[in-house]
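Trainee: no sequence for this one, just the structure:
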Ligand code: SAM
Ligand code: SF4
C-alpha cells in the first residue's frame with residue numbers, strides 16, 4: 001500500500017541515491033590517485049626529525065615572507081621539541097598574523113538551522129542513530145526570529161549557518177535560508193543592523209548545487225574533512241551512509257571553486273587521528289587548491305572533539321589532543337599557510353581561547369548557541385539533546401569584544417571584501433602583499449564604531465574608544481592620503497549612517 005510515510009521514505013531514498021556524482025570526483029584525480037598520500041605524509045614526518053636551530057630559523061623566515069611551506073618544512077616544525085625553538089615559532093606565528101591581518105579579529109556567530117541528518121558520524125550528537133536527539137528543522141519565519149536576536153540584540157553582522165545533511169534541508173532550503181537571513185533588518189540605537197555575510201557549513205555538494213549557492217551570494221563555503229586518514233575516516237563514518245564516501249568529501253572544495261564559490265573553508269576535527277598527520281594533510285589540501293585553482297583556502301578550522309549528548313565515542317579518545325599539542329598545531333598551521341584565515345571557536349573554553357588566539361587566529365565566535373532555535377528560545381531548544389556537542393565558552397559578544405580590546409585587538413565587523421569582489425585569487429594576492437590589510441584597517445574602524453554606538457556596554461565603550469583612537473592615529477600616520485576619506489565615513493557613521501565601507 002502506498003502511504004504518505006512510504007512516499008516520503010522513497011523520495012528520501014532517491015535523494016540519497018542520486019547525491020554523489022562519481023564523475024565529479026574522478027575528474028580531479030591525478031592518474032587515478034587523490035592528493036592525500038598517507039605514505040608520503042608518514043615518510044615526511046619520520047624523516048624530518050632533525051629540527052636544528054638553523055633549519056628552523058630558515059623556515060620561519062619563509063613564513064614571515066608569507067610563503068606556503070613545503071611538506072618537509074612543515075614536518076620539521078611539527079617535530080620541534082626544544083622549548084626555546086617552540087617559543088620562537090610562537091612569536092613568529094604571531095608576527096605572521098600581524099603582518100597579514102594586523103591586530104584585527106573578526107567575530108561571527110553560528111546559526112544551527114536543522115539537525116535532521118541521514119549520516120551516522122560516530123562523534124556527532126546529530127547522527128541518525130542517536131534516538132535521544134530531538135529533531136528540528138527551522139521554518140523561514142523561525143530563521144528570521146533567530147536572525148532578529150543575532151542582529152538586533154547582540155549585533156552580529158556575520159554568521160556561519162550550519163546544516164545536517166537531509167533531503168528536507170537540500171540546496172534549495174539552504175538557499176532560501178540565506179535569503180531569509182538577508183531580509184532581516186532591525187532598527188538599533190543609532191541606525192540599523194543586518195547580517196551582511198552568511199558563510200555556510202554543510203555537506204559536500206555537486207557543482208550544479210554549488211552554483212545555486214554562489215548565485216544566492218554565500219560568503220565562505222565550509223566543509224571539514226574531519227580526518228584525512230582514510231582508514232580512520234571509513235571507521236567513523238559508516239560506509240552505508242553518504243558521508244562514508246571519503247573522496248566525495250575530499251573534493252568538495254574543488255567543486256566549490258569550479259562553481260564560482262572561491263572562498264572556501266577547510267578543517268580537520270582533531271581527536272579522530274594523529275594530529276601531526278592532520279596538519280600535514282591540511283597543508284596538502286591548501287597546496288592542492290593553490291596548484292589547481294591559484295587560490296588556497298580562505299580559512300582553516302581546527303576544532304577539537306567535544307563531548308556530545310548520548311555519544312560515547314567522544315569519551316576516552318585514543319587520539320585526544322592535549323592542550324600543549326593543540327598550541328603547537330595551531331602555531332604550525334599559522335606558519336605553514338601564512339595567508340589563510342584561522343578560526344578559533346567557542347568549543348574551547350575562555351582560558352584556552354585567551355592562550356590560543358595570539359598564536360595567529362583571525363576569527364572567533366561569541367554569544368554562541370548551537371541548539372536549534374536557541375537564540376530566540378524557539379520551543380525547548382535549550383535542552384542539550386538538540387545540540388550537536390557541548391560548548392566550552394558561552395560568554396557574550398560584548399564581553400569577548402571588551403577582552404579583545406583590553407589585549408590590544410580591534411574587533412572587525414567588516415564584510416566588505418566579498419561584496420566588493422575582493423574574494424578568491426584577488427584577495428589572496430592582496431593578502432600576500434599586505435594590501436588587503438589597508439582596506440580592512442579602514443573598514444574595521446568604521447564597523448567597530450557602528451557596533452560600539454549600537455550595542456556595546458558602557459565598560460566596553462570606554463576601552464573601545466581607546467582602540468579606535470589609536471587606530472585612527474595610525475591611519476593618519478601610515479596612510480595620509482586616505483585619512484580624510486576615512487574621517488568623512490567615520491563622521492557619517494557616528495551620525496547614524498550604516499554599512500559604509502571602502
Ligand atoms: N553536516 C555537515 C557536515 O557534517 O559536514 C555540517 C555540519 S556539522 C554540524 C559541522 C561540524 O561540526 C562537522 O564538520 C564536525 O567537524 C563538527 N563536529 C561534529 N561533532 C562534533 C563534536 N562532538 N565536537 C566538536 N565538533 C564536532
Ligand atoms: Fe550529520 Fe554532520 Fe553530524 Fe555527521 S557531523 S551526523 S553529517 S550533522
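Mentor: Sure thing, it's come through. Just so we're clear, the structure is a prediction, and the values are computed from it rather than from any experiment. Ligands and ions are numbered 1, 2, ... in the order given.
Trainee: In contact with whichever residue of the stretch 1-150 of the chain sits closest to ligand 1, which residues?
Mentor: Per C-beta to the nearest ligand atom, residue 124 is where the stretch 1-150 of the chain lies closest to ligand 1, at 3.8 Å. The way it works is simple: take the backbone N, C-alpha and C, and place the C-beta from them, glycine included. Shown in contact with residue 124 (C-beta atoms under 8 Å, 6 or more residues apart in numbering): 117, 130, 308, 311, 388-389.
Trainee: quick one: secondary structure of it?
Mentor: Secondary structure state of residue 124, per DSSP: H, G, I helix; E, B strand; the rest coil, is coil.
Trainee: tell me the pLDDT at it?
Mentor: Looking at residue 124, its pLDDT stands at 96.
Trainee: Narrow the contacts of residue 124 to those in strands?
Mentor: Nothing among the contacts of residue 124 maps onto strands, per DSSP state E.
Trainee: Take these and write them to TSV, including neighbour count.
Mentor: Shown next, in TSV, are the contacts of residue 124 (neighbours: other C-beta atoms under 10 Å):
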residue	neighbour count
117	25
130	18
308	23
311	22
388	24
389	20
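Trainee: Which member of these is positioned nearest residue 260?
Mentor: Distances from residue 260 to the contacts of residue 124, taken as C-beta to C-beta, are shortest for residue 117 (27.0 Å).
Trainee: for that closest one, what are its contacts?
Mentor: Neighbouring residues of residue 117 by C-beta under 8 Å, 6+ apart: 124, 126-128, 164-166.
Trainee: Against residue 277, how distant is the residue nearest to residue 85 when sequence neighbours are not counted?
Mentor: Leaving aside its chain neighbours, residue 85 sits nearest to residue 56 (5.3 Å; criterion: C-beta to C-beta, 6 or more residues apart in numbering). Per C-beta to C-beta, to the nearest Å, residue 56 is found 21 Å from residue 277.
Trainee: Residue 79 reaches residue 51, doesn't it?
Mentor: Yes: between residue 79 and residue 51 there is a contact under C-beta atoms under 8 Å: 5.2 Å.
Trainee: So out of everything in the stretch 201-350 of the chain, what residue is nearest ligand 2?
Mentor: At 5.0 Å from ligand 2, residue 243 is the closest residue in the stretch 201-350 of the chain, using C-beta to the nearest ligand atom.
Trainee: Look at that residue and give its secondary structure.
Mentor: Put simply, residue 243 is helix when judged by three-state DSSP.
Trainee: these two touch, right, it and residue 119?
Mentor: Yes: the pair residue 243 / residue 119 is scored as a contact, 4.1 Å apart, by C-beta under 8 Å.
Trainee: buried sites along stretch 445-462?
Mentor: Of all the residues in stretch 445-462, those buried under the rule 16 or more other C-beta atoms under 10 Å are 445-456, 460-461.
Trainee: Could you do stretch 313-327 as well?
Mentor: 313-314, 319, 321, 326-327.
Trainee: Where helices are concerned, which of those count?
Mentor: Secondary structure defined by DSSP state H assigns 326-327 of those to helices.
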